[in-house]
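Q: could you look at this predicted model? Sequence included:
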Amino acid sequence: MGIVARVELYHVSIPLPAPFYPSWIPGLPQAENRFTLIKVITDDGVIGYSAGTAMGRERAGLGEILGPYLIGEEATDIPLIQQRVREMGYLGWHNAWIEPAFWDIKGKYAGKPVWELLGGSPCTVQLYASTGELKTPERRIEELEQRYEEGFRAAKLRVHAFDEQEDIRHVTETARALGGKMRLGVDANQGWRVTIIANAPLWDLPRAKRFADACADAGLGWLEEPLPMDAYDDLASLTDYSRVPIAGGELHSAGLPELKMMIERKCYSVFQPDATFTGGIAQSIKIAALCRQHGLAYTPHTWTNGIGFAINLHLFVASGFADTGLLEYPYNPPGWTLEGRDGLLQQPFHHQQGKLAPPDGPGLGIAINPAALRKYGRRFFVMDKVRLAWYSIRTRGIALSREINRIKKAKKQASSTKG
């Protein structure tokens, strides 16, 4: 059902209304939301979309490996697509973000949203306002009072100071000022430390324990990424020690195998894999199931773009954790706004008093605004069956192209005969 007939890739750059200073990259004034958009079209015209965050045009050559791996394959055969994405990772970039486009197609063929395909039930999702910049406690309190007025009853702070006491003062004073009317978490952004522009603090286990104690005393709901993402022993030790839940796991590109190990070792109390980084939808729903099996919590990272938010929203609803948990809602005006995050979508994800209903349309339930794509996107790759043939002849010559085609046909015939 549905053979991949055409693949298109776009560089997308949506201007932000004001400079945004992400706490995870100190010193970087971010002026745009950049990502790579993939559009997959089947032979009968069904379209699937997905997107992967980008610093710039680093994926300019991706199509030359992606096209030959996908053209002619069954678009709804998710295990096969997972294998193709894995193979591409051996030869170049890790590309988990591509796989959700095929769930989008699969859901459209089935006439069901992805969360329903995965076994989920309709529900209202409770959101937490995820801040992204560093601020003084005074400015943070003002910010969260505004989020409270907008209907949010939970929020995530950011700390990233060299002075340990400054970070402790931030959470302590903010929690005291809010007086328990909002559930608060805090992200230390130690999981993947970036120092390409400015320097950044580097926590060790003793500092993480002291900060966890301060968070527990202040009544915070969780502490996110307090140590490097691959410090497995220290993470397990901290999680066992801490009186406040330790959270993380958003960018583990090895996906299910690594996160399964971390779940079994209880490196975190709350796992936050983002499907666009951590193996795609197929692996992420298994990660959520493992969390439940081991008595741990699951709520995905969503700080990418509107399409990435949609992907992880579907997973959260399907996981069953939406009944009691909170989902990240990236929002940090005046820089990081709904328009900057969801500017490519026909219908941005507007929250309603800090809540959101999952899309009920088929697939991911999103539609790309063609005018916005023309304005903010530039197509840098397209491939279909004819272009693939010419590409093969141009790069390998006629004789080798015929040989490759013969081998692939024989493999497919053998597979169909065996089936």
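A: Structure's in. What do you need?
Q: can you check my assumption that L9 lies in a helix?
A: No: looking at L9 with DSSP: H, G, I helix; E, B strand; the rest coil, it is strand, so not inside a helix.
Q: any idea how far it is from A371?
A: For L9, the distance to A371 equals 19 Å [Cβ to Cβ, to the nearest Å]. C-beta here means a position set from N, CA and C on the backbone, and glycine is covered the same way.
Q: comparing these two, which shows the higher neighbour count?
A: Ranked by neighbour count (other Cβ atoms under 10 Å), L9 and A371 place L9 first, with 22 against 9.
Q: per-residue pLDDT, the residue lying closest to that one once chain neighbours are set aside?
A: Leaving out its chain neighbours, the residue that sits closest to L9 by Cβ to Cβ, 6 or more residues apart in numbering is F381, at 4.1 Å. At F381, the model reports a pLDDT of 95.
Q: so G52, which of the three states?
A: strand.
Q: look at the residue lying farthest from the centre of the chain and tell me its secondary structure.
A: Centroid-distance maximum for the chain: A399 at 42.5 Å, with Cα atoms, centre = their mean. Three-state call for A399 (three-state DSSP): helix.
Q: quick check: it vs G72, distance?
A: For A399 relative to G72 (Cβ to Cβ), the value is 21 Å.
Q: cool, P273 as well?
A: From P273 to G72 the distance is 31 Å (Cβ to Cβ).
Q: circling back to that earlier point, how about the residue nearest to L9, what does it touch?
A: Contacts for F381 were tallied using Cβ atoms under 8 Å, 6 or more residues apart in numbering; they are V7, E8, L9, L62, G63, E64, L66, G67.
Q: packing partners of the helix or strand containing T36?
A: Using DSSP states H and E, T36 sits in strand 30-42. Applying 3 or more Cβ pairs under 8 Å, 6 or more residues apart in numbering; DSSP states H and E, one finds that strand 30-42 contacts strand 4-20, strand 47-53, helix 100-110, helix 306-319.
Q: need these in CSV with mean pLDDT and distance to V40, can you?
A: Converted to CSV, the helices and strands packed on strand 30-42 look like this (pLDDT from 0 to 100; distance: least, Cβ to Cβ, whole Å):
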stretch, mean pLDDT, distance to V40
strand 4-20, 97, 6
strand 47-53, 97, 5
helix 100-110, 98, 5
helix 306-319, 98, 13
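Q: winner for burial among those?
A: Comparing the helices and strands packed on strand 30-42 by mean neighbour count (mean count of other Cβ atoms under 10 Å), helix 306-319 ranks first with a mean of 27.
Q: what's the spacing between that one and its chain's center?
A: 9 Å (Cα atoms, centre = their mean, to the nearest Å).
Q: now for the helices and strands packed on strand 30-42, which one comes closest to R292?
A: helix 306-319 (7.7 Å; Cβ to Cβ).
Q: can I get stretch 358-373 in PDB? Just the C-alpha atoms.
A: This file holds the C-alpha atoms of stretch 358-373, laid out as PDB (Å, rounded to 0.1, in the frame of the first residue of the first chain):
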ATOM      1  CA  PRO A 358      -4.300  16.200  20.200                       C
ATOM      2  CA  PRO A 359      -5.000  16.500  16.400                       C
ATOM      3  CA  ASP A 360      -7.800  14.200  15.300                       C
ATOM      4  CA  GLY A 361      -7.000  14.300  11.600                       C
ATOM      5  CA  PRO A 362      -5.300  11.300   9.900                       C
ATOM      6  CA  GLY A 363      -1.600  10.900  10.300                       C
ATOM      7  CA  LEU A 364       0.100  13.600  12.200                       C
ATOM      8  CA  GLY A 365      -3.000  15.700  11.700                       C
ATOM      9  CA  ILE A 366      -1.000  18.800  10.500                       C
ATOM     10  CA  ALA A 367      -1.100  20.700   7.200                       C
ATOM     11  CA  ILE A 368       1.800  22.700   5.900                       C
ATOM     12  CA  ASN A 369       0.900  26.200   4.800                       C
ATOM     13  CA  PRO A 370       2.100  26.500   1.200                       C
ATOM     14  CA  ALA A 371       2.500  30.200   1.300                       C
ATOM     15  CA  ALA A 372       4.600  30.000   4.500                       C
ATOM     16  CA  LEU A 373       6.700  27.200   2.800                       C
END
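Q: show me what G363 is bridged to.
A: On the basis of DSSP bridges, G363 is bridged to P113.
Q: now do the contacts for it.
A: So G363 contacts G48, W103, D104, I105, K106, G107, K108, P113, V114 (Cβ under 8 Å, 6+ apart).
Q: let me see the domain layout of this protein.
A: 4-111+368-418, 116-356 (automatic domain parsing).
Q: which one of those domains is the most hemmed in?
A: domain 116-356 (a mean of 20).
Q: run the chain-centre distance for it.
A: Worked out by Cα atoms, centre = their mean, domain 116-356 lies 12 Å from the chain centre.
Q: and stretch 40-58, by the same measure?
A: 15 Å.
Q: end to end, how far does that stretch reach?
A: 20 Å (Cα to Cα, to the nearest Å).
Q: over to stretch 226-235?
A: 8 Å.
Q: state the mean pLDDT of it.
A: Stretch 226-235 comes out at a mean pLDDT of 98.
Q: surely C291 touches Y298?
A: Yes: counting by Cβ atoms under 8 Å, C291 touches Y298, with 4.2 Å between them.
Q: overlap in contacts of those two?
A: With Cβ under 8 Å, 6+ apart, C291 and Y298 have common neighbours F271, F321.
Q: ok, R341 touching P330?
A: Yes: applying Cβ under 8 Å, one finds R341 in contact with P330, separated by 6.0 Å.
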